[in-house]
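Participant: heads up, no residue letters with this:
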C-alpha cells in the first residue's frame, strides 16, 4: 500500500501532522500501537507555562526562552509557525471550542489547587480562569479522582499577583444508581443523561452563592460535552467550568475524537493497534514501515514519514536494564544529556534528571540528525515528545510542543513536495 | 522494651501475656527498620542447613510454630532449592544431608515436576528439592503482635526515641525518651529494660556503658512487578548474593547481599549491586533482567559477634541473648539481638525469660501455643483474599489503590486508627503505593482523603504528599528501566504536569 505520508503515532503530534497533510490533499495514513497521551492528559494546549518562572505571554516569552535553551525543540521553529499552529487548531476544532492564543496565558486551577498557565483552553474550562479573580466553588461528586476541599484550600493560598480569588467546596451526591466506584468515564456517561443533570442542578440550586462560578471535575460528558456544559450553565444560571483530573482524561479523549474525525473527513486514514515492528530503509531514505498487528505483517510505502511515537511515557523512547537508551522504531541516534554513562536519575524527585531531556535531535525541517548534524534519512521527520531537549511536564508545554512540531513536520513535507 | 521490629513486638507481647506491665518504645514506626526491609522469607532452615546448622534448627522449629500461631501472616508458598548450571549438583547431596541432620523436611523432586510447578524457572536446572519455606508479611506480623500486646495491657509508644538510660548505681532503672512528633521528653521507670534494637542494639547498650558488638550487615533487595514465581526459589549452594526469590503479596523480591557497614542508618545501594542482583535473577528466571523492577531497598541485619570479623556472611544467624547483670555487672538490662525474623518469637521468649529471672518471677511463655488474632483458625493468607472479600459486591466501595485493592473504607479506618499525617505509616499498614504504579494514582487520592479525615490544613496535606512522593522515588530511581520508566514518566505527568505539585505552598 502506498501513501504520500505515513505518520507513526496517534497523539496530538501525529494527528496534527496527518490532518495538515490530508487537508493539503496528501494521501495520509496514521499507524499507531495505541491511542496517544490524549487519553491521559487534559486537552488544554499549553505552549509555555513556566520558563522557569510563570509565563504570562508565550508570544513574548518564547524568543528569550529559545535563546536560553538552544537545544529545545521550540528553538527549531519560527515564532510565526508556533502562532500559526495555535490559530489553526483553534479554528479547526469547533467541537472543542478552543479559546485564547499566544498573547496571554489563561491561569487555570489544577485538581490539587495549584495554578497552571495555558494558552488554548477548551470552552468547558474557560470559566475557571483565575486572571479575573472572583468567587469559585468546586463541586465534588463522590468521584475518587477529585478532592475539591483540598483543591479549594490550596487555591485560596495560590500566588495570583494580587488578584483575589475566593474558593470553597461542596459535596453533591447525585444519583449514581448504586455504583460506588464509578469512574470518570462512568460519570461522563451519566452527565449525558438529562435526568442526572436535572437532579444535580436541583441539588445545587439552593447551595450556591451569588456570583459564584462552579467547577466540576472534567467529566461533563464525552460525545456531547458542549451540550452538557451549556445546559449546566443554563440550569445553574452561572458560569460552569471543568477542572482536569487524574487519567483517563475525558477532555483529552474528546480532543482525540475531534482530531481523528477531522482527519477521516479530510480523507486520511487511522489504523490503531498496529505497532510498527520494522522499516525498510536504503540509501538514506525510509522506503516503508512494517506493522504486525497479528500473524501477518503489512508493509506501508510512502514518500515521507513522520515519527510521532512519543517519549519514554509512550514507549517511543526506551531504556533497558543496562541503561542503554534507544528510539523504538528506527533506532535513531539520541541526544540530550551531556553523558549517557552517568546516573540517569538523581536522588531528589524534583531534581533535573539526566534522562529527562533525552530524545531525538532534529534539523530545522524536523528531520532526525546524527552526531554529524546531518539528517539520518532525508524523508523522515520527527515531532512531539520523541524530540530531545524539552521538559514538557515541567514547562507546561506538552500539547503545545506536539501541536507546533507536528504542524512544522507537515509544513516541511509540503514544502519539499512542492 | 526498646525497638519496634519483630523481636521488640514479640517481646512486648510475650511480656504482656505473662502479666508484666510493659511499654514498648520505637523511634519511628513499627517494622520501619530491618523487619520491614527484608524479602519476607519465612525460612525453613534449608538456607542454613549446611553452613549454620544451629540457625537451621531454630528456623524449622519456629517455622512450624508460626504456621500455627501466625497463619494469617503467612502465605504457604513452599520452597524449592534448585541447582542451576552455575551450581555444583553434588552440593545437593550435602544439602539433603544437612537438612536431615537439622530436621528440615526435604524431598528431591524431578526437574520436570519443578518446571511444571514453576514454568518460568530456568529449564537448565539439574536438581530440585522441596522445603517448607513460606512468605511472611512483616507488617501484619508485627502489628499482630503489637495489638495482642496492647490487648494484654501493654503500651506502644511510636515515634519515641531513647535519649538515655536511667541509672541507679549499677542498675538500669528506665529510660528517657523523646516524642519525635511533639518534642516532649518522657521519663519511663522500668525494673527491666529489654534492648531489642536489632542493628542499633549496640548504640542502646552503650547508653548503659555496655559494649555489644553488633555488625550491621547490609542486604539489598529488589521487588519485581509480577510474581515471576509462586514458590520461594533458592539456589542450591552455599549462601551467597542474590540467591533467593520470594513471591510475596503482589510482587516477588530477590535478595540479597551481605556487606558490612559502619552505620545501619546509612545504607547506600550501588548500581553494581543492582546489576549483580539482576544477573543472579536471570540465572534462576530467564528474562528476569528486563522484567519490570519496581524498587530497591536495603536492610541492616543485626549480626552479633564476640570478636571482630571482616565478612559478615561468616557470622552465625543464630541469635544472642545478653544478660548484662552477669556479663557486665549492670542490672536491669537485657539485650536480645542477632537472629532473623523467622526466629523472632524464640528470641522474644528468651529475652522475657531473662527479664523474668531478673524480676524474680516465674511465668512460662505462652506464645508458642496462643495464636494471634485472625490466625486462630490456622488458615494461611491467600493472595486473592482482598479480591475475594470484594468480589461478591463489586460496586460496594471505591478502590483508592487499585494495585493493592485498598478500599476507601479500609483507608479511612486506618487513618483514624493510626492518627498520622505520614502516608508512609499508612503504607506500612495497608501497602498503600507498593504496587506497580508506586503511588502514581493513589497518592493524590490518599492525600485528599487524609486532608478530610485528619482535618489537615493545606500545608500539612501538601507536606504529606510531597514526603510520600520523595519516599517512593528513593526506592524507584536506582532501578528504573524498561517498562517501569513508562510508569514513572506517567507519574511525572500526573504530579508535575496535571497537578503541578511543585508549585504548591508548603
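Facilitator: Thanks, I have the structure now. Computed from a predicted model, the values in this text were never measured in an experiment.

Participant: For residue 281, the count of nearby residues, please.
Facilitator: Because you didn't say which chain, this covers chain A. 17 (other C-beta atoms under 10 Å in any protein chain shown). All C-beta atoms are positioned from the backbone trio N, CA, C, and that covers glycine.

Participant: oops, I was thinking of chain B
Facilitator: 24.

Participant: and the helix or strand hosting it, which residues are buried?
Facilitator: Taking DSSP states H and E as the definition, one finds residue B:281 inside helix B:271-284. For helix B:271-284, burial by neighbour count (16 or more other C-beta atoms under 10 Å in any protein chain shown) applies to B:273, B:274, B:277, B:278, B:280, B:281, B:282, B:283, B:284.

Participant: ditto for stretch B:471-490
Facilitator: Neighbour-count burial for stretch B:471-490, counted by 16+ other C-beta under 10 Å, picks out B:471-482, B:484-490.

Participant: now it, how far from the chain's geometric center?
Facilitator: Averaging C-alpha positions (C-alpha atoms, centre = their mean, to the nearest Å) puts stretch B:471-490 22 Å from its chain's average.

Participant: Tell me, how many residues neighbour residue A:369?
Facilitator: Counted with other C-beta under 10 Å, residues neighbouring residue A:369 total 18.

Participant: So residue B:462 belongs to a strand, correct?
Facilitator: No - read with DSSP: H, G, I helix; E, B strand; the rest coil, residue B:462 is helix and lies in no strand.

Participant: right, quick check: the helix holding residue B:281 against chain A, any contact?
Facilitator: Yes - contact of helix B:271-284 with chain A (C-beta under 8 Å from any C-beta of the partner chain) involves B:271, B:275, B:278.

Participant: and of the buried residues of helix B:271-284, the nearest to residue A:294?
Facilitator: Checking the buried residues of helix B:271-284 against residue A:294 with C-beta to C-beta, the nearest one is residue B:282 at 30.6 Å.

Participant: Could you tell me which residues of the stretch 1-150 of chain A lie near chain B?
Facilitator: Checking the stretch 1-150 of chain A against chain B by C-beta under 8 Å from any C-beta, the hits are A:37, A:40-42, A:110-116, A:144-147, A:149-150.

Participant: at 10 Å what do you get?
Facilitator: By C-beta under 10 Å from any C-beta of the partner chain, the residues of the stretch 1-150 of chain A that approach chain B are A:37, A:40-42, A:46, A:49-50, A:54, A:108-117, A:140, A:142-150.

Participant: about what we covered before: mind putting the residues of helix B:271-284 next to chain A into TSV with pLDDT and distance to residue A:291?
Facilitator: TSV is the format used below for those (pLDDT from 0 to 100; distance: C-beta to C-beta, whole Å):
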residue	pLDDT	distance to residue A:291
B:271	93	36
B:275	95	35
B:278	97	32
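
Participant: so which of these comes closest to residue B:10?
Facilitator: When the residues of helix B:271-284 next to chain A are compared against residue B:10 (criterion: C-beta to C-beta), the nearest one is residue B:278, at 34.2 Å.

Participant: The nearest residue to the closest one once chain neighbours are set aside: what's it in contact with?
Facilitator: Closest residue to residue B:278 apart from its sequence neighbours, by C-beta to C-beta, 6 or more residues apart in numbering or on different chains: residue B:289 at 4.7 Å. Residues near residue B:289 by C-beta atoms under 10 Å, 6 or more residues apart in numbering or on different chains: A:320, A:321, A:322, B:275, B:277, B:278, B:279, B:280, B:281, B:282, B:481, B:482.

Participant: can you tell me the helix or strand for residue B:289?
Facilitator: With DSSP H and E as criterion, residue B:289 is part of no helix or strand.

Participant: so how far is residue B:228 from it?
Facilitator: 11 Å (C-beta to C-beta, to the nearest Å).

Participant: circling back to that earlier point, which one of the buried residues of helix B:271-284 is nearest chain A?
Facilitator: Chain A has its nearest neighbour among those in residue B:278, at 5.7 Å by C-beta to the nearest C-beta.

Participant: That closest one contacts residue B:284, correct?
Facilitator: No - with contact defined as C-beta atoms under 10 Å, residue B:278 and residue B:284 do not form a contacting pair (11.1 Å).

Participant: right, and residue B:264 touches residue B:337 too?
Facilitator: No - Residue B:264 is beyond contact range of residue B:337, at 11.6 Å (criterion: C-beta under 10 Å).

Participant: Looking at the two, which has the bigger crowd around it?
Facilitator: A direct count of neighbours by other C-beta under 10 Å for residue B:264 and residue B:337 places residue B:337 higher, at 28 against 25.

Participant: which residues touch that one?
Facilitator: Residues in contact with residue B:337 (C-beta under 10 Å, 6+ apart) are B:3, B:7, B:195-202, B:204-205, B:212-214, B:302-304, B:319-322, B:347, B:351.

Participant: As TSV, the contacts of residue B:289 with distance to residue A:282 would be great.
Facilitator: Shown next, in TSV, are these (distance: C-beta to C-beta, whole Å):
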residue	distance to residue A:282
A:320	28
A:321	33
A:322	30
B:275	38
B:277	43
B:278	38
B:279	38
B:280	43
B:281	41
B:282	37
B:481	33
B:482	31
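
Participant: Show me the common contact partners of residue B:264 and residue B:337, please.
Facilitator: In contact with both residue B:264 and residue B:337: B:197, B:198, B:199, B:200, B:201, B:202, B:214, B:302, using C-beta under 10 Å, 6+ apart.

Participant: ok, the third one - how many residues close by?
Facilitator: This means residue B:199. So residue B:199, with other C-beta under 10 Å, has 26 neighbours.

Participant: what's near enough to touch it?
Facilitator: B:3, B:5, B:33-34, B:214-218, B:261, B:263-265, B:267, B:299-303, B:337.

Participant: hang on, it in a helix?
Facilitator: Yes - assigned with three-state DSSP, residue B:199 falls within a helix.

Participant: any weak-confidence spans in the stretch 201-350 of chain A?
Facilitator: A:337-340 (pLDDT under 70).

Participant: What residues does it have near chain B?
Facilitator: A:244-247, A:249, A:310-315, A:317-325, A:343-350.

Participant: Among those, name the ones in helices.
Facilitator: In helices, defined here by DSSP state H, there are no members of these.

Participant: What subset of those residues is buried?
Facilitator: A:244-247, A:249, A:310-315, A:317-319, A:321, A:323, A:325, A:344-346, A:349.

Participant: where's the one residue in the stretch 351-500 of chain B that gets nearest to chain A, which helix or strand?
Facilitator: The stretch 351-500 of chain B approaches chain A most closely through residue B:448 (2.7 Å), counting by C-beta to the nearest C-beta. Using DSSP H and E, residue B:448 sits within helix B:442-453.
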